[in-house]
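1. My questions concern the predicted model and sequence given below.
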Amino acid sequence: MGKDDPPGKPSVPPSVVPRSVPPTSTPRSVPPHSVAPHSVAPNTPRSVPPNTPRSTRPLPARPTKLGRFEVLAKIATGGMASIYLGRDEKGGVVALKVMRPERAAEDEDIMKMFFDEANLLLRLHHPNIVHTIEVGAEGDQRFIAMELLLGMPLVAIVDACTQKGLRIDPDLVAWVGARMAEGLHHAHEARDDAGGSLSLVHRDVNPSNVFVTFDGGIKLFDFGMAKLTTRTAAKTAPGIVKGKLPYLAPEQIMQLALDRRADIFGFGTTLWELLTMRRLFQRPNDVETVKAVHVGPIPDVKSLVPEVPPKLAAIVHKALERNREHRFATALEMGHALEEIASPRGATAPARLSQMLDSLFPAERKRQLGFLKPAIYSPKPR
């Protein structure tokens with residue numbers, strides 16, 4: 001909207017449009033995630049085995065140094081780890097994901113999950129996956145040093161649009177999806193040291209695990225569930241593996257052997273929700289949600305949003321096939337189909353995303369830039 005907008009009406013970025021469908025989504029909490037610049041200097045990754053001995057000395061309430069990184073400030077705390085702002089010996093800023101020691105003491109499986117994710121991420125180098133710089137341990141504290149991102153998780157964007165009665169342009173959804181597909185395919189193709197396929201499955205593709213930076217970049221993160229396919233998974237209820245139920249593929253809920261096509265289903269669910277601003281499978285309780293994933297209706301997105309291009313609706317429909325043999329075989333194949341729709345306006349997509357974030361969250365960029373003050377103004381290590 002421009003200078004002729006009626007006074008008092010909030011500005012709406014051109015990449016979002018008013019919704020004609022009343023919101024039906026359930027509010028979702030936004031988990032804390034890493035923030036900050038992409039100019040983190042590359043470093044040589046170092047792998048740390050999950051059975052690194054732990055000392056018994058008392059743990060500090062907050063670390064001051066982790067390996068070669070100075071710890072400057074806490075950014076956020078989650079269930080398994082805390083996120084700190086860190087700085088290396090050259091002054092480069094990073095996000096330090098530090099495993100909470102009390103969780104490690106309570107459950108060895110949680111510590112293994114932490115290192116599974118860390119050592120896996122060291123193998124993934126792609127512009128659409130959050131970059132992991134180093135994995136290490138300082139005394140009893142395990143940490144992952146990652147690039148620091150400024151922006152918002154996709155789930156927060158969906159919730160903000162829902163609350164404001166807005167919808168994202170279909171071609172922009174296709175562009176975001178194409179970038180997600182590129183990162184996901186890179187992860188699926190990951191190899192071990194001998195060159196063999198890791199048969200990696202993310203297992204938790206959903207809007208909470210996609211990050212949109214303030215400069216319009218797209219990053220996949222939170223691969224904590226990915227390596228659980230090779231060992232006994234923790235359960236949330238009899239027969240249900242951990243994960244966000246409304247985004248799990250039917251075969252994942254049934255605990256069948258998984259391949260990359262399980263991620264295609266969660267990917268399709270995410271795109272369906274981005275286009276409609278509704279929840280597809282979420283129900284009042286887990287039992288009903290599982291039933292919806294298996295047999296619930298999957299409305300054609302065009303029946304809810306007529307302006308969605310038929311080709312884009314067909315892509316989403318194919319990704320949501322309950323029989324995995326009928327889905328896209330790879331994320332690369334799905335990404336190519338999405339790129340065809342996004343390409344006419346693809347060059348402007350990052351700028352449109354950046355403008356959309358600033359419109360939806362007008363004070364957030366300044367708030368997150370404030371996280372960098374300790375790195376800028378505190379004395380650098382000698």
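-> The structure has been received and is ready for your questions. Numbers count the residues shown, from 1 in each chain.

2. Could you list the buried residues of the host helix or strand of Phe114?
-> Using DSSP states H and E, Phe114 sits within helix 108-121. For helix 108-121, burial by neighbour count (16 or more other C-beta atoms under 10 Å) applies to 110-121. Heads up, the C-betas are built off the backbone N, CA and C, glycines and all.

3. And the residues you listed, which is closest to Asp159?
-> Nearest to Asp159 out of the buried residues of helix 108-121 is Glu117 (C-beta to C-beta; 25.5 Å).

4. Tell me which stretches of this protein form strands.
-> In order along the chain, the chain carries the following strands (DSSP state E): 16-18, 65-66, 69-77, 81-87, 93-99, 132-138, 141-146, 151-153, 166-168, 210-213, 218-220, 235-237, 240-241.

5. Show me what the third one is packed against.
-> Counting by 3 or more C-beta pairs under 8 Å, 6 or more residues apart in numbering; DSSP states H and E, the packing neighbours recorded for strand 69-77 are strand 81-87, strand 93-99, helix 373-377.

6. Let me know which of the ones you listed is the nearest to Asp171.
-> strand 93-99 (31.5 Å).

7. Parallel or antiparallel, which strands does that closest one pair with?
-> Strand pairing for strand 93-99, determined by DSSP bridges: strand 81-87 (antiparallel), strand 141-146 (antiparallel).

8. dump the residue contacts of Gly346.
-> 175, 178, 339 (C-beta atoms under 8 Å, 6 or more residues apart in numbering).

9. Met356: what's it in contact with?
-> Contact partners of Met356, counting by C-beta under 8 Å, 6+ apart, are 13, 15-16, 157, 168.

10. pretty sure Ala262 contacts Ile253?
-> No. With contacts counted by C-beta atoms under 8 Å, Ala262 stays clear of Ile253, the gap being 10.0 Å.

11. For the two, indicate the residue with more neighbours.
-> The neighbour comparison of Ala262 against Ile253 (other C-beta atoms under 10 Å) goes to Ala262, with 24 against 18.

12. quick one: the residue lying closest to the more buried one once chain neighbours are set aside from Arg260, how far?
-> Excluding the flanking residues, the one nearest Ala262 by C-beta to C-beta, 6 or more residues apart in numbering is Ala249, at 4.1 Å. Computed as C-beta to C-beta, to the nearest Å, the Ala249 to Arg260 distance reads 11 Å.

13. Just want to know which of the two has more residues nearby.
-> More neighbours surround Ala249 than the other of Ala249 and Arg260, with 28 against 22 (other C-beta under 10 Å).

14. how close does the more buried one sit to Pro362?
-> Ala249 is 37 Å from Pro362, by C-beta to C-beta.

15. Over to Arg68?
-> As judged by C-beta to C-beta, Arg68 and Pro362 stand 37 Å apart.

16. okay, those two: which has more neighbours?
-> A side-by-side neighbour count of Arg68 and Pro362, using other C-beta under 10 Å, places Arg68 first with 16 against 11.

17. Now do stretch 216-233, average pLDDT.
-> Averaging pLDDT along stretch 216-233 gives 68.

18. again but with stretch 167-176, I slipped
-> On average, stretch 167-176 scores 98.

19. pLDDT weak spots in the stretch 1-150 of the chain?
-> Within the stretch 1-150 of the chain, the stretches with pLDDT under 70 are 1-14, 17-61, 102-107.

20. coming back round to it: how about CSV for the helices and strands packed on strand 69-77, with mean neighbour count added?
-> As requested, the helices and strands packed on strand 69-77 are exported to CSV (neighbours: other C-beta atoms under 10 Å):
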stretch, mean neighbour count
strand 81-87, 23
strand 93-99, 25
helix 373-377, 14
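
21. Which neighbouring elements make contact with the helix holding Phe114?
-> Looks like helix 108-121 contacts strand 93-99, helix 101-106, strand 132-138, strand 141-146 (3+ C-beta pairs under 8 Å, 6+ apart).

22. can you list these in TSV and add distance to Gly217?
-> Listed next are the helices and strands packed on helix 108-121 as TSV, based on distance: least, C-beta to C-beta, whole Å:
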stretch	distance to Gly217
strand 93-99	15
helix 101-106	31
strand 132-138	16
strand 141-146	14
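
23. Among these, which comes closest to Met152?
-> From those, taking C-beta to C-beta, the stretch that ends up closest is strand 93-99, at 15.0 Å.

24. This protein - how does it break down into domains?
-> 34-148, 151-360 (automatic domain parsing).

25. Asp192: which of the strands of the chain is closest?
-> Evaluated over these, closeness to Asp192 peaks at strand 132-138, with 16.4 Å, by C-beta to C-beta.

26. What pairs with that closest one, parallel or antiparallel?
-> According to DSSP bridges, strand 132-138 forms sheet pairs with strand 141-146 (antiparallel).

27. Taking strand 69-77 as reference, get the angle to the strand it pairs with.
-> Strand 141-146 and strand 69-77 are oriented at 90 degrees to each other (axes from the mean of the first three to the mean of the last three C-alpha atoms, to 10 degrees).

28. Return the set of buried residues in strand 141-146.
-> Residues 141-146 are the ones in strand 141-146 that count as buried (16+ other C-beta under 10 Å).

29. Check stretch 275-288 too.
-> 275-283.

30. cool, stretch 65-75 as well?
-> Neighbour counts over stretch 65-75 (16+ other C-beta under 10 Å) mark 66-72, 75 as buried.

31. Also stretch 351-365?
-> Using 16+ other C-beta under 10 Å as the test for burial, stretch 351-365 gives 352-357, 359-361, 364-365.

32. got it, and stretch 188-199?
-> Quick answer for stretch 188-199 (16+ other C-beta under 10 Å): 188-190, 198.

33. Using CSV, write out every CA atom in it.
-> Below are the C-alpha coordinates for stretch 188-199, written out as CSV (Å, rounded to 0.1, in the frame of the first residue of the first chain):
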residue,chain,number,x,y,z
HIS,A,188,19.2,-36.5,1.2
GLU,A,189,22.3,-36.9,-0.9
ALA,A,190,24.7,-36.7,2.0
ARG,A,191,27.6,-39.2,2.0
ASP,A,192,29.8,-40.8,4.6
ASP,A,193,33.6,-40.8,4.6
ALA,A,194,33.7,-43.8,2.3
GLY,A,195,31.4,-42.2,-0.2
GLY,A,196,28.3,-44.3,0.7
SER,A,197,24.9,-42.8,1.0
LEU,A,198,23.8,-41.9,4.6
SER,A,199,20.1,-42.4,3.5
